[in-house]
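Got a sequence here, can you model it:
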Amino acid sequence: MAWQKRLTLGEFIIKRQRDFQYSTGELTRLLSAIKLAAKVVNREVNKAGLVDIIGAVGAENTQGEMQQKLDVFAHEKFVGALSNRGVVCGIASEESADFIPVDSGENDGPSKYVVLIDPLDGSSNIDVNASIGTIFSVYRRVTAVDRSVAPADFLQRGDRQVAAGYVVYGAATLLVYTTGIGVNGFTLDPSLGSFYLSHPDIQLPKRGGIYTLNEGNYNCFPKGVKDYIKYCQGAGADRPYTARYIGSLVADFHRNMIKGGIYIYPSTRRAAQGKLRLLYECNPMAFIAEQAGGLATDGFRRILEIEPTGLHQRVPFFCGSLEMVQKAGEFMRNA
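Model prediction:
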């Protein structure tokens, strides 16, 4: 089917706007801002080897990790696009220590939304031309609209998200998102500069054949994770499973979304709370997974029910096909 016969992302958002309980047009403009920034970042990713935008900037982010040049570029583009549209009252980015208040502007009125974003997930893959991505999450503010945005607006449980999504910058550039009514994916046609509906109503298989984690940390894993890995590698009707690990959450998650599988980043002896951030990575991916029929836990608790205590809080993460995550949970409880 020709791209021209498919819905564009903009057309799809407008068509679905009536299904969204807070339909005011703001969310449409917000998602359009994310779409615009994603196209700009995609352009830079595709020419990264031709310009001075690969490599480290020589500084660390708030998590003590070395920032890459594209990390900073993506952060600036997404913050700029969201701020300039007057549709958010605040932005929290993995690249910033604190949230960023946004002035809606005199003519726009007070905004009701905050966005939490990982501007460039998997940035350690930039220099080797492997897939990377963007993750975003949207909440309605809980403080009064006539006051400045506050920490409480960002420290909300994942089950209060009104939208979440991710962008994969790979062989093709895909934007996948949900507003709580299923999950849909859109592929960028670079010749036309538009995203077109390519993956309608994505359903995560209840069981898959892929397990995804960094087995280099095996000796540091909890016993339950070690036991589950042995189960994945054992003989069975649908086993052994195949191990696949890219090192970019977006890329690993998207593959498992399509093919079926489980992604695990557990606690380790060196990282008692795991590595992934609850607000920027785990909550949005958990929301998407559940909307596609999957499940996400910290090994014991549903991710979307965890009460956040800080902007950069980390949690263990088990996410993917429903039956696989449930089986991993059994091993965790019985360890």
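
Setting the sequence-adjacent residues aside, check what's closest to residue 228.
Of all residues not flanking residue 228 in the chain, residue 331 sits nearest, at 4.2 Å (Cβ to Cβ, 6 or more residues apart in numbering). In this view, the C-beta of every residue, glycine as well, is placed from N, C-alpha and C.

Would you mind confirming that the one you found is in contact with residue 225?
Yes. When contacts are counted by Cβ atoms under 8 Å, residue 331 is listed as touching residue 225 (7.5 Å).

okay, these two: which has more neighbours?
residue 225 (25 against 19; other Cβ atoms under 10 Å).

Contact partners for that one?
213, 264, 266, 299, 328, 331-332 (Cβ atoms under 8 Å, 6 or more residues apart in numbering).

Try it again at 7 Å.
Remark: with contacts taken as Cβ atoms under 7 Å, 6 or more residues apart in numbering, residue 225 is in contact with 264, 266.

The nearest residue to residue 130 once chain neighbours are set aside: neighbour count?
Spatial nearest neighbour of residue 130, excluding adjacent residues (Cβ to Cβ, 6+ apart): residue 246 at 6.3 Å. Neighbour count of residue 246, defined by other Cβ under 10 Å: 18.

Next, the contact list for residue 246, please.
130-131, 252 are the contacts of residue 246 under Cβ under 7 Å, 6+ apart.

which of those tops the neighbour count?
residue 252 (26 neighbours).

for it, what are its contacts?
212, 245-246, 263.

Quick check: the two most widely separated of these?
The distance between the two most remote of the contacts of residue 252 (Cβ to Cβ) is 10.4 Å, for 246 and 263.

Retrieve the pLDDT associated with the residue nearest to residue 310 when sequence neighbours are not counted.
Nearest non-adjacent residue to residue 310, counting by Cβ to Cβ, 6+ apart: residue 155, 7.5 Å away. Predicted confidence (pLDDT) at residue 155: the value is 98.

Now do residue 155 against residue 94, distance only.
Using Cβ to Cβ, to the nearest Å, we find residue 155 at a distance of 15 Å from residue 94.

out of the two, which sits in the busier spot?
Higher neighbour count among residue 155 and residue 94: residue 94, with 23 against 19, using other Cβ under 10 Å.

can you pull the contacts of residue 311?
Counting by Cβ under 7 Å, 6+ apart, residue 311 has contacts 92, 99, 154, 279.

low-confidence ranges in the stretch 151-300 of the chain?
Applying pLDDT under 70 to the stretch 151-300 of the chain flags no residue at all.

Tell me where it has helices.
With DSSP state H, counting those that start in this stretch as the criterion, the stretch 151-300 of the chain has helices at 151-154, 223-233, 249-259, 283-291.

what comes up buried for the second one?
Going back to what we said before, that points to helix 223-233. 224-229, 231-232 (16 or more other Cβ atoms under 10 Å).

Can you give the contact residues for stretch 182-195?
Against stretch 182-195 from outside (Cβ under 7 Å, 6+ apart): 3, 8-9, 12, 35, 39, 42, 172-177, 196-202, 288, 291-292.

Select only the buried ones of those in ChimeraX?
Here is the ChimeraX command that selects only those of these that count as buried (16+ other Cβ under 10 Å):
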select :8,9,12,35,39,42,173,174,175,176,177,196,197,198,202,288,291,292
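
Next, the buried residues of the helix or strand where residue 323 lies.
According to DSSP states H and E, residue 323 maps onto helix 322-334. Buried residues in helix 322-334, counted by 16+ other Cβ under 10 Å: 322-325, 327-329, 331-332.

Likewise for stretch 283-298?
Result for stretch 283-298 [16+ other Cβ under 10 Å]: buried residues 283-292, 294-298.

can you give me phi and psi for the residue lying farthest from the centre of the chain?
In the chain, counting by Cα atoms, centre = their mean, residue 235 sits farthest out from the average C-alpha position, at 33.1 Å. Main-chain dihedrals, residue 235, degrees, to the nearest 10: phi -80, psi 140.

ok, now residue 132?
With angles defined as degrees, to the nearest 10, residue 132 sits at phi -130, psi -180.

that's a helix at residue 78, yeah?
Yes. The assignment for residue 78 (DSSP: H, G, I helix; E, B strand; the rest coil) places it in a helix.

Just give the number of residues close to it.
The local packing of residue 78 (other Cβ under 10 Å) involves 27 other residues.

per-residue confidence for the residue lying closest to it once chain neighbours are set aside?
Leaving aside its chain neighbours, residue 78 sits nearest to residue 37 (4.5 Å; criterion: Cβ to Cβ, 6+ apart). Looking at residue 37, its pLDDT is 92.

Next, the contact list for residue 37, please.
77-78, 81.

Secondary structure class of it, three-state.
With three-state DSSP as the basis, residue 37 sits in helix.

Quickly note the distance from it to residue 44.
11 Å.

Kindly report the same for residue 316.
With distances taken as Cβ to Cβ, residue 316 is found 33 Å from residue 44.

And for residue 197?
25 Å.

for the contacts of residue 246, which one is nearest residue 239?
For those, the closest approach to residue 239 (Cβ to Cβ) belongs to residue 252, at 19.7 Å.
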